[in-house]
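J.: let's see this in three dimensions:
(one chain, ligands or ions: 1)
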Amino acid sequence: MCSNMSSVATMKRKVLPPHLEVNGGHSLNGILKVSGAKNSSLVLMAAALLTKETVLINNVPQLTDIEVMSEILRNLGAKITKNSNSLEINSNCIHNAELPYQLVHSLRASFFCIGPLLARLGAAKIPLPGGCNIGARPIDEHINGLKALGAEVEIHNDLVKAQISAKNKRLRGANINLKYPSVGATETILMASCLALGKTTISNAAREPEIQDLAKMLNSMGAKVSGAGTSRITITGVEALKGTFHSVIPDRIEAGTFLIAAAITRSSLLVGPLIPSHLSAVISKLQECGCLISHHGNHYLKIIPTEISGVDITTSPFPGFPTDLQAPFMSLMTTAKGSSKIKEKVFEKRMQHVIELKKMGACIYLEKNTAYIKGVKKLIGSTVEGGDLRSSAAIVLACLSAKGESIITGLEHLDRGYERLEEKLTNVGSCISRKYDQLTSHHSFSSKAINKDNINTQKNAA
Ligand code: UD1
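T.: Got it, this is the predicted structure:
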């Protein structure tokens with residue numbers, strides 16, 4: 001049973017923005033349901049711009065990022081019908097090749113529209129997505145790829161202007177070698193080259209499951225993509241793409257977060273649906289630190305934590321340990337037996353959770369992008385703030401395991417990437433609830449998502 005939150009928390013509630021109250025230390029039990037992948041959904045929505053016909057995408061999570069992306073597509077002239085977890089997108093009448101700064105700033109993934117806009121309309125104007133709170137995140141690989149395909153691209157006053165020259169009516173296939181296997185750049189080039197003249201190869205391509213999901217949908221639209229999921233992708237351009245129906249893959253990052261939730265609360269849980277091969281690196285680290293993991297059918301994993309010991313991780317592109325689960329895994333390591341070392345190698349500034357975990361009694365020494373952790377017996381509930389999407393998830397996990405009560409602010413980050421998180425966690429026995437300021441108590445998914453202030457304050461990490 002959850003105890004009443006302290007009077008201090010009640011007093012704080014009057015002045016706090018929307019926040020989560022967590023009464024930690026409860027053991028969890030049951031099934032944690034995994035939603036469709038946010039990162040796949042965002043790029044698939046952009047890919048729907050590549051055809052005049054209707055694209056129906058199923059298993060789309062209800063998240064603020066998805067609402068913002070819908071708003072961006074509408075702004076370009078697309079018609080979108082939303083029905084629970086499915087989106088019907090018709091881009092027959094897209095007329096606008098320019099994205100407004102405010103929307104691009106609030107969602108970095110909106111930059112994905114550049115490839116489809118170029119391929120469909122021959123031009124695109126998109127403000128630079130800029131840096132964000134996990135690092136600089138340049139777009140040079142996207143731009144170089146588009147230039148290699150024959151686009152003229154210039155960046156002036158923070159506006160990226162891309163066009164196909166008057167003499168070339170279409171982009172032209174090219175051999176592109178990425179300096180780094182960037183997920184976003186691979187997706188941009190993949191989408192743009194589907195309607196290009198001739199053959200494109202992307203070498204050193206990203207191999208993430210979201211790339212495979214994108215290629216699968218593009219192929220069902222009539223594109224000719226092979227090799228997605230390997231580091232060499234080949235695309236033979238076609239003249240036009242058609243409509244399709246596509247179901248988004250399960251969110252491997254949400255699934256990983258739930259497996260870690262089981263481990264940190266020392267609870268046995270069933271997690272799914274998921275695709276186990278998308279989580280191989282995470283599963284093997286969880287096993288190495290003391291979790292028993294077994295398959296239940298093809299799409300569920302049962303996790304039973306035993307004594308958790310410290311293990312080291314280094315993040316890297318797929319199939320390596322995902323940077324998006326570095327922060328949640330660090331929360332787990334704070335209560336592991338012994339020491340561990342966590343090295344962030346994908347993004348330059350992704351350690352914002354460290355300071356919050358330390359407030360909860362974690363013993364962490366941070367040296368640049370490497371955290372040295374000495375496990376403590378128990379974390380202590382505290383008032384903590386999420387600074388980006390994945391560090392917010394890490395903080396929630398830490399609070400679930402901590403002794404006593406915690407208050408978590410910064411929910412605008414969490415709501416970008418975790419669908420109905422408190423509801424899912426409550427269903428398995430967590431004591432977690434969302435509290436609203438008087439003024440914002442009529443909060444709902446859609447009103448929150450399109451609220452101007454919310455869009456302005458969202459940070460566009462991951
Ligand atoms: C995507 C995911 C994000 C995940 C990341 C890495 C989406 C919406 N987001 O982000 O959740 O954490 O992959 O798995 O799918 N880089 C360059 N030049 C470029 C592009 C990237 O130097 O043109 C660098 C970045 O600064 C970063 C690294 O490459 O250090 C990885 O970035 P990238 O793979 O592009 O990540 P995103 O696509 O932004």
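
J.: only C-alpha atoms from now on, for both contacts and neighbour counts.
T.: Fine.

J.: tell me the helix or strand right after the helix or strand hosting residue 145.
T.: Per DSSP states H and E: residue 145 is located in helix 140-148. Downstream of helix 140-148, the first helix or strand assigned by DSSP H and E is strand 151-156.

J.: and the helix or strand following that next one, average pLDDT?
T.: If you walk from strand 151-156 toward the C-terminus, the next helix or strand you reach (DSSP H and E) is strand 159-164. Averaging pLDDT along strand 159-164 gives 93.

J.: buried stuff in strand 159-164?
T.: 159, 160, 161, 162, 163, 164 (16 or more other CA atoms under 10 Å).

J.: between these, which is closest to the ligand?
T.: Proximity of the buried residues of strand 159-164 to the ligand (CA to the nearest ligand atom) peaks at residue 160, which lies at 13.1 Å.

J.: which residues sit in contact with the closest residue to the closest one other than its chain neighbours?
T.: For residue 160, ignoring the flanking residues on the chain, the nearest one in space by CA to CA, 6 or more residues apart in numbering is residue 126 at 5.2 Å. Neighbouring residues of residue 126 by CA atoms under 8 Å, 6 or more residues apart in numbering: 98, 99, 100, 101, 104, 111, 114, 159, 160, 161.

J.: so how far is residue 369 from residue 126?
T.: Per CA to CA, to the nearest Å, residue 126 is found 31 Å from residue 369.

J.: specify the beta-bridge partners of residue 22.
T.: Note on residue 22: beta-bridge partners residue 406, residue 432, judged by DSSP bridges.

J.: what is the burial count for it?
T.: Using other CA atoms under 10 Å, residue 22 has 26 neighbouring residues.

J.: so who does it touch?
T.: 399, 400, 405, 406, 407, 408, 431, 432, 433.

J.: in CSV, list those residues along with pLDDT, neighbour count and distance to residue 282.
T.: Putting those into CSV (pLDDT from 0 to 100; neighbours: other CA atoms under 10 Å; distance: CA to CA, whole Å) gives the following:
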residue, pLDDT, neighbour count, distance to residue 282
399, 98, 32, 21
400, 98, 28, 20
405, 97, 23, 29
406, 97, 27, 27
407, 96, 25, 28
408, 96, 22, 26
431, 97, 22, 26
432, 97, 23, 25
433, 95, 16, 28
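
J.: residue contacts, residue 330?
T.: Per CA under 8 Å, 6+ apart, neighbours of residue 330: 342, 394.

J.: now it: how far from residue 370?
T.: On the measure of CA to CA, residue 330 and residue 370 end up 11 Å apart.

J.: which residues do the two both contact?
T.: Joint contacts of residue 330 and residue 370 (CA under 8 Å, 6+ apart) are residue 342.

J.: which residues touch stretch 184-191?
T.: 43, 47, 50, 109, 112, 114-116, 139, 141-142, 145-146, 202, 205-206, 211, 214-215, 235.

J.: 7 Å - rerun?
T.: 47, 112, 115, 116, 141, 142, 145, 146, 205, 206, 211 (CA atoms under 7 Å, 6 or more residues apart in numbering).

J.: and the pLDDT for the closest residue to the fourth one other than its chain neighbours?
T.: Counting by CA to CA, 6+ apart, residue 50 is the residue found nearest to residue 116 once chain neighbours are left out, at 5.2 Å. Reported pLDDT at residue 50 in the predicted model: 98.

J.: enumerate every residue touching residue 50.
T.: 116, 120, 241.

J.: OK, contacts around the last one?
T.: The neighbourhood of residue 241, defined by CA under 7 Å, 6+ apart, consists of 50, 51, 221, 222, 223.

J.: if you rank the residues you listed by neighbours, which is first?
T.: Top of these by neighbour count (other CA under 10 Å): residue 50, with 30 neighbours.

J.: how near is that one to residue 93?
T.: 12 Å.

J.: and if you look at residue 194?
T.: From residue 194 over to residue 93 the distance is 20 Å, taken as CA to CA.

J.: quick one, which of the two is more surrounded?
T.: residue 194 (32 against 12).

J.: leaving out the residues flanking it, which one is nearest to that one?
T.: Residue 194 sits nearest to residue 237 (CA to CA, 6+ apart), 4.7 Å away.

J.: the one you found touches residue 218, doesn't it?
T.: No: between residue 237 and residue 218 there is no contact under CA atoms under 7 Å: 11.3 Å.

J.: hmm, residue 250 is touching residue 274, no?
T.: Yes: in this structure, residue 250 is within contact of residue 274 by CA under 7 Å, at 5.3 Å.

J.: next, show the common contact partners of these two.
T.: residue 34.

J.: thinking again about what came up before, adding distance to the ligand, write the contacts of residue 22 out as a markdown table.
T.: A markdown table is the format used below for the contacts of residue 22 (distance: CA to the nearest ligand atom, whole Å):
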| residue | distance to the ligand |
| --- | --- |
| 399 | 23 |
| 400 | 23 |
| 405 | 30 |
| 406 | 27 |
| 407 | 25 |
| 408 | 22 |
| 431 | 28 |
| 432 | 25 |
| 433 | 26 |
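
J.: just flag the most distant two among those residues.
T.: 408 and 431 (13.2 Å; CA to CA).

J.: three-state assignment of residue 213?
T.: helix (DSSP: H, G, I helix; E, B strand; the rest coil).

J.: list the contacts of it.
T.: 40, 249.

J.: what's the separation between it and residue 401?
T.: 34 Å.

J.: again, but for residue 199
T.: Counting by CA to CA - residue 199 and residue 401 are separated by 52 Å.

J.: then residue 150?
T.: For residue 150, the distance to residue 401 - CA to CA - is 53 Å.

J.: for the two, indicate the residue with more neighbours.
T.: Each of residue 150 and residue 401 has its neighbours counted (other CA under 10 Å); residue 401 has more, 28 against 19.

J.: that one contacts residue 28, correct?
T.: No: counting by CA under 7 Å, residue 28 is not a contact partner of residue 401; they are 10.1 Å apart.

J.: the spatially closest residue to residue 227 that is not a sequence neighbour: neighbour count?
T.: Closest residue to residue 227 apart from its sequence neighbours, by CA to CA, 6+ apart: residue 233 at 4.5 Å. When neighbours are defined as other CA under 10 Å, residue 233 has 22 of them.

J.: in contact with residue 328, which residues?
T.: Contacts of residue 328 by CA under 7 Å, 6+ apart are 257, 260, 393, 394, 397.
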